[in-house]
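Q: The sequence isn't on hand, but the structure is:
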């Protein structure tokens, strides 16, 4: 094992990773401690602590003085302080409630008493813990960047894999090892141990640097964690130190799991780019699902076992994967990791000199279309990517975020009644309904006092119940009424499910839109890379370029790249449209787009969707063609990486410009810049690809 | 009758000349293209096949520039690249179907079947290419190059990595298919060409040194043996090129080429010819 470990630790890139992790920690700490937020928060926390000691945190405590954060748009600090105050209040209230219940005859049952006493002990324990408000910005900033550290360690892990396993296969050294008398299982365990030690070392560097910096800034590491960041839902006893240890273990296991899965795919496919792409797409898809899966859907369990989610366990304290489930996650992760590890060792040990699966492909090719299809889907195994994407889309469709609270549901039902064109009749009906609700409310208010005093007659009681039933929907109605009034005030004439459409296109978040775009772009680039490799760098290249059907082959390959980009765009966005229709049926897509995109535009939703999906398709096709073009001169991975770099800049640039533009940014940029520019570039690259790279003559 | 004229063709790779003003005319028959590694054999084959563009000169097929013929020319071409391993899961049959589609052959099954028989590949028809031995792969590659019944057959080191029996079999195949077509066979092994070539082209440093028949080449090189030490022979005659020194009971037996007459002349082999033309170290010694 020592030899294998030395092989990895000797590499400058691994040493550099460790140094960079320390540097990142120091930079993060320095930045946080020096930030204005830190100082502002420190002062207020001192004030809060004093108030708490003085017993001032009562129901009437003036939280408004902290609202300055709200005004300065710093909801985070405001939220943290509010949560903290809430936590202490809740703890006090809970204790009072339990004491009341204990003395009540309703809970005189022995079981209830025992349960209540246990709860009381628990709450008292929590309150007796070292009570202090801390400036937890420092700690939470570590949590916030946790995925970055993990990503960093993951990269180092991949580099280690390259030197430990992949290079052996690439240079055929594996045969030499296996004939040198060393047991394959022993060799594999040595290599895995070396990999694990590398990952553990890097994770430990991260943990130690964080602990040291927290110590230096006098952060109380023994502070119970529920006191930090307002984790009021959590009643465990872990302190900050223990929690960081859990994060450390979680990070190691998750990174190792990803690396082992990557290795299994590599051993099965022997294709580095395909393995990397499968893992990458799976992780992006998982991340998207994790964010968008409703906890009410049948796929909610995925939220707990999501790899990306695991990477950022510490930062993600909301939703189902809260603190309580971290242990569940950790144990599950350990189990899954052991299973995958055994599979990997099995594949490594029991295979002969080549692990590649040999499936004879017996085709009766009769057209170029079949040839290219088989080349990419079967020979290069692109079919795996399609299966993976299909699985994501099915899960995505099935797990759409339903509205969950009763109020949300009633608002949704109310909205459905009013979707469509806003005309005079609708407005009149709305006003009439509003007046009706107000009359009912007045009537209810007039009976309220007598109802509390239990002084209603039987007839009045029946009427009161009836009114209560009718008035129940009034809040939902008011919400819808407010939305429609806003539209009318803004000269809008159409009412549709704006929230649903925003979710559909992820218009609220460039980050998610980018991820969805990435989900389309990655398989498209891989496909284009494979087509390019098939054309220019495969063992078939010479046969293709000396054949009479060369031009047809080139054209068919490029057409395939187009078709694939189209399929990818339609699969991902089509899936979203489908699920949108399933759960948020909007009466018509002919409504104007300005209602949900805040753009001053006369485009209908249908037009916008068409423009948007076309733009995505064209941009993805353009980048795919660029990849094929680069494949003429470079290898597949290089071509994909170069195109990705260009895509990154091109993608960032227009969105950067768009942010500075006024309302019409989306439609105008897509329609007048992205689509025409993409079309022109596609035509240019298409014709360049049909020309010989050396002579510049058109292939005939 | 097919005629391929290569007129003053040069190919520049950066500052290096891969092909240097090559002019030859090929007609029906087998041409052995011989030369050491890096002589420019593959470059010449690639230039003729259209895979690489030449920097100067022109190539004419039956008087027409191949650049203008394009697909029509590629249709006349059979090309076997220099490679040992095709990492593919396609079976032999699928691979040949694939190439048949590329060459635009309609209903290729009869042709494939004929070639599989001819090259003794029938029993390997359903085996994936990646599982075949080097010799099998070479046979499959020959089969693919013959699918369209080409008028110009370019074979780049077809016998590389094969054992003597395989090489003999392959030579027989090449010889049997050479009628009515130009076969250009690039190799650095004399035995590949000495039995089957009509003409031999010797190439070195991007130039064609000679275009002769085997007999012409053999008659030009005179080989002798001597019991005297090589250094002693070299002192007297600086035209000597060493072929071999073997020791029998401690007595050297030197086999050498010389422009001068010596008493013990022995029959010249093609290996002697190759060394005579190619080995610069012989001259220095």
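A: That came through, no problem. If you're wondering where the values come from, they're calculated on a predicted model, not measured in any experiment. Residues are numbered from 1 along each chain as shown, chains lettered A, B, ... in the order given.
Q: Listing request: residues of chain B with sub-threshold pLDDT.
A: Applying pLDDT under 70 to chain B flags residues B:83-85, B:280-285.
Q: tell me, what residue is most central in it?
A: In chain B, the C-alpha closest to the average C-alpha coordinate belongs to residue B:186, at a distance of 1.9 Å (CA atoms, centre = their mean).
Q: Residue A:213: neighbouring residues, count only.
A: By the criterion of other CB atoms under 10 Å in any protein chain shown, residue A:213 has 20 neighbours. Backbone N, C-alpha and C define where each C-beta goes, glycine included.
Q: Name the helix or strand for residue 100, please.
A: All of this is about chain A. Taking DSSP states H and E as the criterion, residue A:100 maps to helix A:75-103.
Q: The chain in question should be chain B.
A: When elements are defined using DSSP H and E, residue B:100 is found to belong to helix B:92-102.
Q: Repeat that for residue A:647.
A: Following DSSP H and E, the helix or strand that holds residue A:647 is helix A:636-660.
Q: The closest residue to residue B:193 other than its chain neighbours in helix, strand or coil?
A: Take residue B:193 and drop its neighbours on the chain: the residue closest to it by CB to CB, 6 or more residues apart in numbering or on different chains is residue B:32, 2.9 Å away. Residue B:32 falls in the strand class when you classify it by DSSP: H, G, I helix; E, B strand; the rest coil.
Q: Downstream of the helix or strand containing residue B:175, the next helix or strand is which one?
A: According to DSSP H and E, residue B:175 maps onto helix B:164-176. Sequence-wise, the next helix or strand downstream of helix B:164-176 (DSSP H and E) is strand B:182-187.
Q: Find the closest residue to chain A in the stretch 101-250 of chain B.
A: Among residues of the stretch 101-250 of chain B, the one nearest chain A by CB to the nearest CB turns out to be residue B:102. It sits 3.8 Å away.
Q: Nearest residue to that residue in space, ignoring adjacent ones along the chain?
A: Among residues not flanking residue B:102 along the chain, residue A:547 sits closest, at 3.8 Å (CB to CB, 6+ apart).
Q: Now for that neighbour: which residues touch it?
A: A:553, B:74, B:99, B:102, B:103, B:104 (CB atoms under 8 Å, 6 or more residues apart in numbering or on different chains).
Q: Please render those as a markdown table that adds distance to residue A:488 and neighbour count to the earlier fields.
A: As requested, the contacts of residue A:547 are exported to a markdown table (distance: CB to CB, whole Å; neighbours: other CB atoms under 10 Å in any protein chain shown):
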| residue | distance to residue A:488 | neighbour count |
| --- | --- | --- |
| A:553 | 60 | 23 |
| B:74 | 70 | 24 |
| B:99 | 69 | 25 |
| B:102 | 66 | 26 |
| B:103 | 70 | 23 |
| B:104 | 67 | 16 |
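Q: which two from these end up farthest apart in space?
A: Pairwise distances across those (CB to CB) peak at 12.6 Å, for the pair B:74 and B:99.
Q: ok, which stretches of the chain are strands?
A: Let's take chain A. A:420-421, A:494-495 (DSSP state E).
Q: Wait, chain B was what I had in mind.
A: With strands called from DSSP E, chain B shows them at B:3-13, B:16-27, B:29-34, B:56-61, B:64-65, B:77-80, B:152-156, B:182-187, B:199-204, B:207-212, B:223-226, B:241-248, B:251-257, B:265-266.
Q: which helices and strands does the third one pack with?
A: I take that to be strand B:29-34. helix B:41-49, strand B:182-187, helix B:190-194, strand B:199-204 (3 or more CB pairs under 8 Å, 6 or more residues apart in numbering or on different chains; DSSP states H and E).
Q: Could you dump the ones you listed into TSV with distance to residue A:676 added?
A: What follows is those, written out as TSV (distance: least, CB to CB, whole Å):
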stretch	distance to residue A:676
helix B:41-49	41
strand B:182-187	51
helix B:190-194	59
strand B:199-204	53
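Q: tell me how far the ends of stretch A:369-377 are from each other?
A: Terminal residues of stretch A:369-377 are spaced 12 Å apart (CA to CA, to the nearest Å).
Q: what's the neighbour count on the nearest residue to residue B:9 once chain neighbours are set aside?
A: Nearest in space to residue B:9, with sequence neighbours left out and distances taken as CB to CB, 6+ apart, is residue B:57 at 3.6 Å. Other residues within reach of residue B:57 by the criterion other CB under 10 Å amount to 16.
Q: Near chain A, which residues of the stretch 51-200 of chain B? Just list them.
A: Within the stretch 51-200 of chain B, the positions lying close to chain A (CB under 8 Å from any CB of the partner chain) are B:51-53, B:67, B:70-72, B:74-75, B:77, B:79, B:81, B:83, B:85-91, B:93-94, B:97-104, B:126-128, B:130-131, B:144, B:148.
Q: mind giving me the domain split of chain A?
A: What automatic domain parsing lists as the domains of chain A is A:35-128, A:141-358, A:370-395+A:506-689, A:409-493.
Q: mean pLDDT for the ones you listed: which is lowest?
A: If the domains of chain A are sorted by mean pLDDT, domain A:35-128 sits at the bottom with a mean of 67.
Q: check contacts around the residue nearest to the centre of chain B.
A: Contacts for residue B:186 (CB under 8 Å, 6+ apart) come out as B:33, B:35, B:41, B:42, B:44, B:45, B:82, B:154, B:155, B:156, B:157.
Q: rerun at 7 Å
A: For residue B:186, the contacting residues are B:33, B:41, B:42, B:45, B:155, B:156, B:157, by CB atoms under 7 Å, 6 or more residues apart in numbering or on different chains.
Q: Make a markdown table from these and add neighbour count and distance to residue A:213 to it.
A: Written out in a markdown table, the entries for those read as follows (neighbours: other CB atoms under 10 Å in any protein chain shown; distance: CB to CB, whole Å):
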| residue | neighbour count | distance to residue A:213 |
| --- | --- | --- |
| B:33 | 28 | 70 |
| B:41 | 23 | 65 |
| B:42 | 20 | 61 |
| B:45 | 23 | 65 |
| B:155 | 26 | 69 |
| B:156 | 23 | 64 |
| B:157 | 22 | 64 |
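Q: returning to what we had before: tell me which of the contacts of residue A:547 is nearest to residue B:205?
A: Proximity of the contacts of residue A:547 to residue B:205 was ranked by CB to CB; the top entry is residue B:74 with 29.4 Å.
Q: Can you pull the phi/psi pair for the closest residue to the closest one other than its chain neighbours?
A: For residue B:74, ignoring the flanking residues on the chain, the nearest one in space by CB to CB, 6+ apart is residue A:548 at 4.7 Å. With angles defined as degrees, to the nearest 10, residue A:548 sits at phi -70, psi -20.
Q: What is the neighbour count of residue A:548?
A: Residue A:548 is surrounded by 20 other residues when neighbours are defined as other CB under 10 Å.
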